[in-house]
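Q: could you work out the structure for the sequence below:
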Amino acid sequence: MAKDRASRRARLRQQTADEANSVDRKDSNSSFEREYAYVLKDLRRVFALAAVMFVLLIVLNIVLL
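A: Below is the predicted model of the structure:
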């Protein structure tokens, strides 16, 4: 009987800890996305600019040779 209570308490503690961790992860992910949204915008802009410059170099190479 005491073992059953102890195992039930252990399961309840584990479930509570798992639920708390999942809530913390979801909350931290959403705050991370909100705080660093400008970084993604800047990265997209940098990659687009790099692609345009790369294409420009190829075109110039073809034209000037």
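Q: element containing the residue nearest the centre of the chain, please.
A: Nearest to the mean C-alpha position of the chain, by Cα atoms, centre = their mean, lies residue 29 at 6.6 Å. Residue 29 is part of helix 2-35, with elements assigned from DSSP states H and E.
Q: in that helix, what counts as buried?
A: By 16 or more other Cβ atoms under 10 Å, helix 2-35 has no buried positions at all. C-betas here are computed from N, CA, C, even on glycine.
Q: continuing past that helix, what's the next helix or strand?
A: helix 37-64.
Q: roughly how far is that following helix from the heart of the chain?
A: From the chain centre to the centre of helix 37-64 is a distance of 25 Å (Cα atoms, centre = their mean, to the nearest Å).
Q: average pLDDT for that helix?
A: Averaged across helix 37-64, pLDDT comes to 96.
Q: near residue 58, how many other residues are there?
A: Using other Cβ atoms under 10 Å, residue 58 is surrounded by 10 other residues.
Q: before we move on, the earlier item: how distant is the helix holding residue 29 from the center of its chain?
A: The answer for helix 2-35 is 20 Å, by Cα atoms, centre = their mean.
Q: what's the angle from it to helix 37-64?
A: Orientation check (axes from the mean of the first three to the mean of the last three Cα atoms, to 10 degrees): helix 2-35 against helix 37-64 gives 50 degrees.
Q: number the chain from 104, please
A: Yep, numbering from 104; the last one is helix 105-138 now.
Q: which strands and helices sit next to helix 105-138?
A: Judged by 3 or more Cβ pairs under 8 Å, 6 or more residues apart in numbering; DSSP states H and E, helix 105-138 is in contact with no other helix or strand.
Q: hang on, the earlier thing: need the pLDDT of the residue nearest to the centre of the chain.
A: On the pLDDT scale, residue 132 gets 75.
Q: who's in contact with it?
A: The contact partners of residue 132, by Cβ atoms under 8 Å, 6 or more residues apart in numbering, come to none.
Q: count of neighbours near residue 155?
A: 10.
Q: oh, that last question was meant for residue 157, not what I typed.
A: Around residue 157 there are 10 residues (other Cβ under 10 Å).
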